[in-house]
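> everything below, folded, please.
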Amino acid sequence: MSAAATVTATASTDRSVLERAIRFNLIVVSITMGFVLGAVLWLATAILLVRGGTHVGLHLGLLGVFLPFYSVSWPGAFIGAFWGFVGGAVSGAILYGAYARSLRRGITTGLLESGERTGIRLPVMLMSGPALGLGLGTLGALQLFLATNWLVVRGTAAYSENAALLGQYLPGYTVSFAGSLIGGAQVFAIAFIVSLFVAAVYNKIARGRAQR
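Purely as a prediction, here's the structure:
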């Protein structure tokens, strides 16, 4: 077999391994985020029920606007856990899917070799800031867009005072279709910029460790 054919075969094998790893990680991330979000929502509801009071879960109960049949009650805790799992799983899939798309394109430049690879020293994986920003930004913007327009469709936009408070942090945001676009764009931009910063810090540390 020629050298070129060997390189091609190796690249094909590496690509196949990468694709299987991505699919596996996508499932793991989705299930993990689903269980975590479901458990958090169940626990938050349970704590309020155990504590009791005259107005149990006055604010948490507002989630019933977005989660059908949810209420601050023991049956509602399990319904909330279900919706939390669904929402977490979908969010995990969107986040990791967006990140993996960039990972496929940049896998050859996403590894930082620690000088000459000797012994068992392994390459250091660098973080893609744009890929992370795309995933987090898309997820945040989509959630804000869907949540806002669900209130609009229900006809409760004018009475959604708590949602309208986001306008204090996202200039121009209102509980309306146009507001959801404005707010979504700002959420995406914020998440993207933060991701670039996080990735830059991480990569700087990774390069420093690789040079030791």
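> where does H59 fall, phi/psi-wise?
The phi/psi pair for H59 (degrees, to the nearest 10) reads phi -90, psi -40.
> so what's it closest to, chain neighbours aside?
N162 (7.7 Å; C-beta to C-beta, 6 or more residues apart in numbering). For glycine as for every other residue, the C-beta is placed from the backbone atoms N, C-alpha and C.
> the one you found: which element?
Applying DSSP states H and E as the criterion places N162 in helix 161-164.
> swap in W83?
Counting by DSSP H and E, the element that carries W83 is helix 74-106.
> for that helix, packing partners?
helix 3-51, helix 129-154 (3 or more C-beta pairs under 8 Å, 6 or more residues apart in numbering; DSSP states H and E).
> quickly, which of the ones you listed bottoms out on average pLDDT?
Ranked by mean pLDDT, the helices and strands packed on helix 74-106 end with helix 3-51 at the bottom, a mean of 81.
> compute the inter-axis angle for it and helix 74-106.
Put simply, helix 3-51 runs at 160 degrees to helix 74-106, going by axes from the mean of the first three to the mean of the last three C-alpha atoms, to 10 degrees.
> any buried residues in the helix holding W83, and which?
In terms of neighbour count (16 or more other C-beta atoms under 10 Å), helix 74-106 has its buried residues at 76-77, 79-85, 87-100, 102-103.
> roughly how far is that helix from the heart of the chain?
Centroid separation for helix 74-106 versus its chain: 7 Å, with C-alpha atoms, centre = their mean, to the nearest Å.
> angle of it against helix 129-154?
140 degrees.
> thinking again about what came up before, state the mean pLDDT of the helix or strand that the helix holding N162 is followed by.
Following helix 161-164 in sequence order, the next helix or strand is helix 177-210 (DSSP H and E). For helix 177-210, the mean pLDDT works out to 90.
> buried residues, helix 177-210. List them.
179-188, 190-192, 195, 199, 203, 206.
> end-to-end on stretch 166-176?
12 Å (C-alpha to C-alpha, to the nearest Å).
> who's in contact with it?
Residues from elsewhere that reach stretch 166-176 (C-beta atoms under 8 Å, 6 or more residues apart in numbering): 144, 148, 151-152, 157-158, 160, 163-164, 179-180, 182-183, 186-187.
> next one: stretch 135-154
With C-beta under 8 Å, 6+ apart as the test, stretch 135-154 has contacts from 65-66, 91, 94-99, 157, 160, 163, 166, 175-177, 179-181, 183-185, 187-192, 194-195.
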